[in-house]
Each structure stands twice: as C-alpha cells, then as structure tokens.
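> how would this look folded up:
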Amino acid sequence: MLKHLAAVALLGSALVFSGCETLPTPGATVETANLVQLQNRTWIVTQIGNTAVRTEPTAHNIPSLQFDSATQRVSGADGCNRIMGSYSAGRDTLTLSQMAGTRMACLNSNGIDQKFNEALAKVTHYQVFGKTLKLLDRYGNLLIQLESAVQPR
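Residues are numbered from 1 along each chain as shown. Sure, this is the predicted structure:
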C-alpha cells in the first residue's frame, strides 16, 4: 500500500511540474525565426522598386544595411553616404526611425542614393526568404530587395 501511495504521489507531482511548463506559441516561433534571419548580417541592395541595382564588389559605400540585434541600430550605406538609425522589428513589421546620414558630394551615383533613402522612408514590413530580404510598404509593395552578403573564408 505504501509503495502504491508513493507511486501515485510521484506521478501526481510529475504531472503538476510538467503542467507548469510553457510552450512557445507558433507565432512567437515564427517571429523569432524571422528576427534571427534579419539581424546581425550584411544585406546588399539588389533592387529598388522595379530597378535592378548592380554594384562592383570593390566599390565604396555599396548600398547595404545591417541590423544589430544588441543595440537595435541599423547602419549601412545608400550608394554614396553612410546611413544609420534605430529600428524595431516584429514578426513581419519593421519600423526605421531617427535615420541620419553623412552628406558627401557623390558623382556617378545615378540617383541610387536618393531612391534608396526615399524607399527606406516608406518601409513598414519585411520578408526574409533564405538569403533574400524584401522591404515592403504598408500595402505589401516591394520597395527594396537585398541579398545576404557572402563572407570570404
């Protein structure tokens, strides 16, 4: 009888403790996965609106963005100037704020810097698929497409 009582008590306490464990919701898992893919890597601009952007690997200030998870800061270049600011990101939302940049005179930028900054001002959402990041407006229209930079080994 004592063994039976001890077994029931042990089983009951195991159920109580396992019932207190919280499982992540599917939405939280997706949000975490999206943030992990977005942050702490360099993204190179390949398209602004419907215009393809091609840059030489040796060019200075290649249009790019980096999202730092530790500081919630965004930095990069617009094709001419360095840019920086802060961001907050959710499952698929992205808010860029306090954006600032250097003001160098640039020749032969073909207006990429201006188009890039105008598009950044409209960003409200993002999508990450593998090595592709799409920055979207509130209607889901593509503003900027970026590819994850390949790091040399």
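> for the rest of this, base every contact and every neighbour count on C-alpha atoms.
OK.
> send the alpha carbons of stretch 126-142 over as CSV?
Taking Å, rounded to 0.1, in the frame of the first residue of the first chain, the C-alpha atoms of stretch 126-142 are listed here in CSV:
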residue,chain,number,x,y,z
TYR,A,126,9.7,42.9,-44.3
GLN,A,127,10.0,39.3,-45.5
VAL,A,128,13.1,37.1,-45.3
PHE,A,129,13.4,34.0,-47.5
GLY,A,130,16.8,32.3,-47.2
LYS,A,131,19.3,34.8,-48.4
THR,A,132,16.7,37.4,-49.7
LEU,A,133,15.3,40.3,-47.7
LYS,A,134,12.4,42.2,-49.1
LEU,A,135,11.4,45.6,-47.5
LEU,A,136,7.8,46.4,-48.2
ASP,A,137,5.4,49.3,-47.8
ARG,A,138,2.1,49.1,-45.8
TYR,A,139,0.3,47.7,-48.9
GLY,A,140,2.8,44.9,-49.4
ASN,A,141,4.5,46.5,-52.4
LEU,A,142,8.2,45.8,-52.8
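> now do that stretch: distance to the chain's middle.
Here stretch 126-142 is found 10 Å from its chain centre; the criterion is C-alpha atoms, centre = their mean, to the nearest Å.
> for the residue lying closest to Leu133 once chain neighbours are set aside, name its beta-bridge partners.
Spatial nearest neighbour of Leu133, excluding adjacent residues (C-alpha to C-alpha, 6 or more residues apart in numbering): Leu146 at 5.1 Å. Leu146 has these beta-bridge partners by DSSP bridges: Val45, Leu133.
> burial of Leu146, as a residue count?
Applying other C-alpha atoms under 10 Å, we find 22 residues neighbouring Leu146.
> one more: Thr71?
Thr71: 9 neighbours (other C-alpha under 10 Å).
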